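[1] I'd like to go over a predicted model; first the sequence, then the structure.
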Amino acid sequence: MTRLLIVSDAWHPQVNGVVRSLENLGKTLAGRGFDVRYLTPEPFWTLPLPTYPDIRVPLPSMRVIQDTIVGFAPDHIHVATEGPLGLAARTLCVTRGIAFTTSYHTRFPEYLAARLPVPITWSYGYLRWFHSAASATLVPTPSVLKHLRRRFFRHLALWSRGVDLSAFSPGPKAMFAGLPGPHLLYVGRVSIEKNIEAFLSMRHRGTKIVVGDGPERSALMHRFPNVVFTGQLTGSRLRDAYRSADVFVFPSRTDTFGNVMLEAMACGTPVAAYPVMGPIDVIGGTRGGALHEDLAVAVELALGISRSEALKRSKDFTWDVAADQFVGRLAHIKRRAEIAA
């Protein structure tokens, strides 16, 4: 059995694309005979992230990390995030000469600059250094790969994403019946980097609905009293929200992918978004949704797309294909004695 250790600063109770991607990857690989284990913030003390207290930052112990690696004796190590835990794991691997891979999920420099006066070049300098030690850095789309190459990142490879079509599928409209249509839906973190204000301030008929939670929720509820804020939904309630919407609106300009777009399309709901990194790769020139620099125009175009066409596009993204890409770039650990040294 092949043993894979995934190290990630992002884990439950966080609800985001990174956590869902790593979980779905693990489930897919387990079905192929992999023994997948996660080293997450759970065994460590954590502190609230400044300006975003819902996210806890781990204070990792090198001893715990080393003991985990020695005890599990993985064939492969993947460092999924660039936070304190990922940095500690990277340090141990580099010190011991252990090969590993990394992945790039989040445009952290842009997110940080939206909250604090930190130059983007500084943040990209750190990320370039962090990933330089990996045998490969896995990125979600061709657009991200080109973006990072322009910033002199090396050893880049594609690792796309998928959608679980057994969990997300078309169904009856069970929600929003009493609200004026069309029903325009956003699902995700309610935070400044998601650019939700662009969606909520957009002039368009119908009802705008926001599913999710985050630090900007209270302020946006106060500013946009006509918008329906449901809070976080999971399971069947989340599926019902996707199925009941007429258009899924994805206003972010900084996401590297956007798993929620796949979930919406798998439920038959077309997407409206800006023609930027993420939507360009997920929607592109297909009939899964519409892209336009005027978000209201994108919504109007998306309203003309059939639900069957949106569903068809979602089927282009499977976790089996994504797992093939991931496994194909893993680095094999050959010198086990160095792990225990």
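    Great, that's in hand.

[2] make it CA atoms for all contacts and neighbour counts henceforth
    Fine.

[3] So what sits opposite the residue lying closest to M261 once chain neighbours are set aside in the bridge?
    Counting by C-alpha to C-alpha, 6 or more residues apart in numbering, M261 lies nearest to V271, which is 6.6 Å off, once chain neighbours are set aside. Beta-bridge partners recorded for V271 (DSSP bridges): F248, G289.

[4] residues near V271, how many?
    Using other C-alpha atoms under 10 Å, the number of residues around V271 comes to 33.

[5] now swap in A296 and tell me
    When counting by other C-alpha under 10 Å, one arrives at 19 neighbours for A296.

[6] hang on, P58 in a strand?
    Yes: remark: P58 belongs to a strand, assigned using DSSP: H, G, I helix; E, B strand; the rest coil.

[7] mind giving me the domain ranges of this protein?
    Domains of the chain are assigned by automatic domain parsing as 2-162+320-338, 183-317.

[8] can you list the weak-confidence ranges in the stretch 201-341 of the chain?
    334-341 (pLDDT under 70).

[9] where exactly do the strands run in it?
    Secondary structure of the stretch 201-341 of the chain (DSSP state E, counting those that start in this stretch): strands at 207-211, 228-231, 247-250, 271-273, 289-291.

[10] For the longest one, which outside residues touch it?
    Outside of strand 207-211, the residues within contact range by C-alpha atoms under 8 Å, 6 or more residues apart in numbering are 179-188, 200, 226-233.

[11] Quick one: the helices in the protein, in order.
    17-30, 62-72, 84-96, 108-115, 120-132, 142-150, 196-200, 217-223, 235-244, 259-266, 279-282, 295-302, 307-314, 319-328 (DSSP state H).

[12] what helices or strands is the fifth one leaning on?
    By that I understand helix 120-132. Here helix 120-132 touches helix 108-115, going by 3 or more C-alpha pairs under 8 Å, 6 or more residues apart in numbering; DSSP states H and E.

[13] again, 10 Å this time
    Counting contacts by 3 or more C-alpha pairs under 10 Å, 6 or more residues apart in numbering; DSSP states H and E, helix 120-132 packs against helix 84-96, strand 101-103, helix 108-115.

[14] Determine which stretch of the ones you listed is the most buried.
    Mean neighbour count (mean count of other C-alpha atoms under 10 Å) peaks for strand 101-103 among the helices and strands packed on helix 120-132, with a mean of 24.

[15] starting at the chain centroid, how far to that strand?
    Using C-alpha atoms, centre = their mean, to the nearest Å, the mean C-alpha position of strand 101-103 is found 15 Å from that of the whole chain.

[16] ok, that strand: who's next to it in the sheet?
    Sheet pairing here is set by DSSP bridges, and for strand 101-103 it gives strand 76-79 (parallel), strand 137-139 (parallel).

[17] Any of the contacts of strand 207-211 buried? List them.
    Taking 16 or more other C-alpha atoms under 10 Å as the criterion, what is buried in the contacts of strand 207-211 is 182-188, 200, 228-229, 232-233.

[18] Just give me the closest of those residues to V144.
    Of all those, V144 sits closest to G188, with 20.5 Å by C-alpha to C-alpha.
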